[in-house]
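Asks: Got a predicted structure plus its sequence, pasted below:
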Amino acid sequence: MSEMAVLVIRIRKEQAGEYERLFEQEELPRWRDYHQRGLFKSARIFRSAFGSSESDDIANYVIAVESEGEGHHEHDNDPGFRSFNERADAFQPEDPLVFGGEPLFSVG
């Protein structure tokens, strides 16, 4: 069974580069591992260039992950992810928006 998770992470703009470096060094290799093991069908992150919640001092990052089976739960309980997430929390002035569920329709 496939599951989608979409998060909007709000990072202080002056710390955006630091967050991106931390993500690339710590979380991206984990995503690649989960993808190779078939636990993530796809995983993407982008820095929002436009939208309804833009501000001068916040950078919005949208994360979309489609996982298989227990991939989502395994990732959330991964000690490496927990360590990364704890450090990433320090860049966030507010809690992220988090949404998840089974895909209804898909193309591509």
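Replies: Perfect, thanks for sending it. If you're wondering where the values come from, they're calculated on a predicted model, not measured in any experiment.
Asks: show me what contacts the residue located most distally from the centre of the chain?
Replies: The outermost residue of the chain relative to its centre, with distances by C-alpha atoms, centre = their mean, is D56 at 21.9 Å. For D56, the contacting residues are K13, by C-beta atoms under 8 Å, 6 or more residues apart in numbering. Quick note: C-beta positions are derived from backbone N, CA and C, even for glycine.
Asks: What helices and strands are in contact with the longest helix along the chain?
Replies: What stands out as the longest helix in the chain, according to DSSP state H, is helix 79-89. Here helix 79-89 touches helix 16-22, helix 28-36, going by 3 or more C-beta pairs under 8 Å, 6 or more residues apart in numbering; DSSP states H and E.
Asks: what about the residue nearest the centre of the chain, helix or strand, and which?
Replies: The chain has I63 as the residue nearest its centroid, 3.8 Å off, counting by C-alpha atoms, centre = their mean. Assigned by DSSP states H and E, I63 belongs to strand 58-68.
Asks: tell me the mean pLDDT for that strand?
Replies: The average pLDDT within strand 58-68 is 97.
Asks: swap in stretch 81-89?
Replies: Mean pLDDT, computed over stretch 81-89, is 97.
Asks: tell me which residues in that stretch are buried?
Replies: Residues F81, F84, A88 are the ones in stretch 81-89 that count as buried (16 or more other C-beta atoms under 10 Å).
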